[in-house]
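In: Coordinates for the following, if possible.
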Amino acid sequence: MAINLELPKKFDSTVERTHLAAEHIFRPISRKYDKAEHEYPTELDDLAKLAKQGRGSEKAADSSSSDDGPSVNGANMRGLISALEMSWGDVGLLLSIPGQGLGNAAIAAVANPEQLEKFSDVWAAMAITEPSFGSDSAAVSTTATRDGDDYLINGEKIFVTAGSRADHVVVWATIDKSVGRAAIKSFVVPMTTEGVTVARLEHKLGIKASDTAVIRFENARVPAENLLGSPEIDTKKAFGGVMQTFDNTRPVVAAMAIGLGRAALEELRRMLDEAGHEIDYDRPAAAQHATVAEFIRLESEWEPRGCTRCGPRGWPTTPSRTPPRPRCRRPRRGARSPRSPTRPWKSVRQRASRRPLSSRSGHVTRRSSTSSRALSRSSS
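Out: Predicted coordinates:
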């Protein structure tokens, strides 16, 4: 049975709307807030209101029947499309939209119906990483001690996205260190809570429009009903409940990478055009300039990961109100290389790794950078 990988028509409006927002709202102010690090982009307040209204209408559309049939996963798909298109505009501004913090994904993942209603309008950051650990999420040392009808939270969290802007923060803390990871729970903590302080804001090399904070919790008192999900410690389930947060956010992060990758490729193509290097897909890549060959390789690796604006055979699928885009002519991943009709296309790194180091002119290590590979081939 054939699988249709085209986007359903019901998502056309989402693609158009989010791309227009990225082009006409994000990009004009992107450089401004890249230079003014830690300054809040007030232009996003109106966008957040429009996005909230749009989500309401889209939710109703997903629950109704259409030519494509009822959607059981429409909201998630719209979220991925929105992240992809708006990351094409600016990732930092996307992460700064009020009401769409990473903590909101945590609330959606593990909150009960009463909590979903209570926290439906909050802007929540997510605090997981600590100075003592990074990727090992089970090593949480921040504690939540029961005190009557409340919990007292103590600890320090780092790398909190939107930590100084969000009005709430979802904190991962352990309620019993002796039990291990099964005792790790997530708590919704208002930023106005006594004992919650923003220690500092990080200075970053990129994504400067989004702030990254260090937050300290010193006997921060939180109501017991702000514990997301069940307060019971289930050693069989471990901390699978809070890990559902990553299940909600990882696809979005992947979509952000795809959108940012498309923007980078388009900028690289513009630079090649300005330099007078023509990209000819009808000629073998090896017969063109080294930077052009590298661009074709990068483009072919990006293309299969999803172009929401290209349908079958590479024709654009955007609504007629947007300017027409040229037909995609990106080579398909795994296609036959123009140089060798009997061998599939291999990346430069894959081909280089087959040869001994002594026979590779200009390659000091196998993990050479893209620019080094381009220079090596152009010099040869």
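
In: CA only for contacts and neighbour counts going forward, please
Out: OK.

In: looking at this, residue 146 is in a helix?
Out: No - counting by DSSP: H, G, I helix; E, B strand; the rest coil, one finds residue 146 to be strand, located in no helix.

In: and residue 47, what pLDDT?
Out: Looking at residue 47, its pLDDT is 87.

In: what do you get for residue 249?
Out: Looking at residue 249, its pLDDT stands at 81.

In: Also residue 351?
Out: Value for residue 351, per-residue pLDDT: 44.

In: The one 3 residues further on too?
Out: The predicted structure scores residue 354 at 45 on the pLDDT scale.

In: Just the element for the spatially most central residue of the chain, please.
Out: The centre of the chain sits closest to residue 253, judged by C-alpha atoms, centre = their mean, with a distance of 2.3 Å. Assigned by DSSP states H and E, residue 253 belongs to helix 240-274.

In: rewinding a little: I'd like the distance between the residue nearest to the centre of the chain and residue 80.
Out: To residue 80, residue 253 is 9 Å away according to C-alpha to C-alpha, to the nearest Å.

In: re the thing from before, which of the residues in the helix holding residue 253 are buried?
Out: If you call a residue buried by 16 or more other C-alpha atoms under 10 Å, then helix 240-274 has these buried ones: 241-243, 245, 248-249, 251-253, 255-263, 265, 269, 272.

In: And the helix or strand hosting residue 126, how far out from the chain middle?
Out: Using DSSP H and E, residue 126 sits in strand 124-127. Remark: strand 124-127 is offset 15 Å from the chain centroid, using C-alpha atoms, centre = their mean, to the nearest Å.

In: Next: stretch 79-89.
Out: Taking C-alpha atoms, centre = their mean, the mean C-alpha location of stretch 79-89 is offset from the chain mean by 8 Å.

In: Likewise for stretch 37-53?
Out: 18 Å.

In: Can you tell me what sits against it?
Out: 25, 33, 93, 96-99, 165, 201, 203, 208-211 (C-alpha atoms under 8 Å, 6 or more residues apart in numbering).

In: now do stretch 126-142
Out: Contacts for stretch 126-142 (C-alpha under 8 Å, 6+ apart): 101-103, 106, 153-161, 163, 169-174, 177, 180-181, 184.

In: Buried residues, it. List them.
Out: Buried residues in stretch 126-142, counting neighbours by 16+ other C-alpha under 10 Å, are found at 126, 127, 128, 129, 130, 137, 138, 139, 140, 141, 142.

In: ok, residue 266 to residue 34 distance?
Out: As judged by C-alpha to C-alpha, residue 266 and residue 34 stand 20 Å apart.

In: er, residue 140 actually
Out: Look at residue 140 and residue 34: by C-alpha to C-alpha, they are 32 Å apart.

In: For the protein, just list every one of the helices.
Out: In the chain, the helices defined using DSSP state H lie at 12-21, 27-35, 44-63, 74-89, 91-94, 102-110, 113-118, 240-274, 290-302, 348-353, 370-379.

In: Redo the ones you listed as a markdown table? Include distance to residue 233.
Out: What follows is these, written out as a markdown table (distance: least, C-alpha to C-alpha, whole Å):
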| stretch | distance to residue 233 |
| --- | --- |
| helix 12-21 | 41 |
| helix 27-35 | 44 |
| helix 44-63 | 34 |
| helix 74-89 | 29 |
| helix 91-94 | 36 |
| helix 102-110 | 15 |
| helix 113-118 | 19 |
| helix 240-274 | 11 |
| helix 290-302 | 43 |
| helix 348-353 | 48 |
| helix 370-379 | 49 |
